[in-house]
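A.B. asks: what follows is a protein structure lacking sequence information:
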């Protein structure tokens, strides 16, 4: 198997020869075919790619489709999340429940190891944080 240095040298030489072929008037299709054969012969073949999890393709997120009869259950929202006092719950039901023709895709953490790590990170990020007690401040009394 060639080393990285050998592979790099082979690629540089192949590109140099491709430029010479172009200067000699060789058709571009033939140059491309020659370059491809050279690179395929020199490129180290390690293995074919196989996902550890076919459900999420090793991303940790399972893509699902929300449609009639199988709804995601997202709550309706009020305003963008940048507004102070933003709440995700309006009491109006779910975002998808009113229209049977509405469909969309959404992601949930997968059941694989990567998905479990995503769920832990998600829970940590959006966990309700304890509120600190505000101590009363003492103000100096100023006479008018």
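C.D. replies: Sure thing, it's come through. Given the structure is predicted, the values throughout are model-derived calculations rather than measurements.
A.B. asks: C-alpha from now on. contacts and neighbour counts both.
C.D. replies: Noted.
A.B. asks: pretty sure residue 102 contacts residue 69?
C.D. replies: No: when contacts are counted by CA atoms under 8 Å, residue 102 is not listed as touching residue 69 (11.3 Å).
A.B. asks: more neighbours, the two?
C.D. replies: Neighbours were counted for residue 102 and for residue 69 using other CA atoms under 10 Å; residue 102 has more, 13 against 8.
A.B. asks: can you classify residue 133 by secondary structure?
C.D. replies: coil (DSSP: H, G, I helix; E, B strand; the rest coil).
A.B. asks: run through who's touching the biggest helix by length in the chain.
C.D. replies: The single longest helix within the chain, with elements called by DSSP state H, is helix 4-23. With CA atoms under 8 Å, 6 or more residues apart in numbering as the test, helix 4-23 has contacts from 28, 31, 35, 38-39, 42-43.
A.B. asks: can you tell me which of those are buried?
C.D. replies: Buried subset of those (neighbour count, 16 or more other CA atoms under 10 Å): 31, 35, 42-43.
A.B. asks: for the contacts of helix 4-23, give me CSV that also has secondary structure.
C.D. replies: Output for the contacts of helix 4-23, formatted as CSV (three-state DSSP):
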residue, secondary structure
28, helix
31, helix
35, helix
38, helix
39, helix
42, helix
43, coil
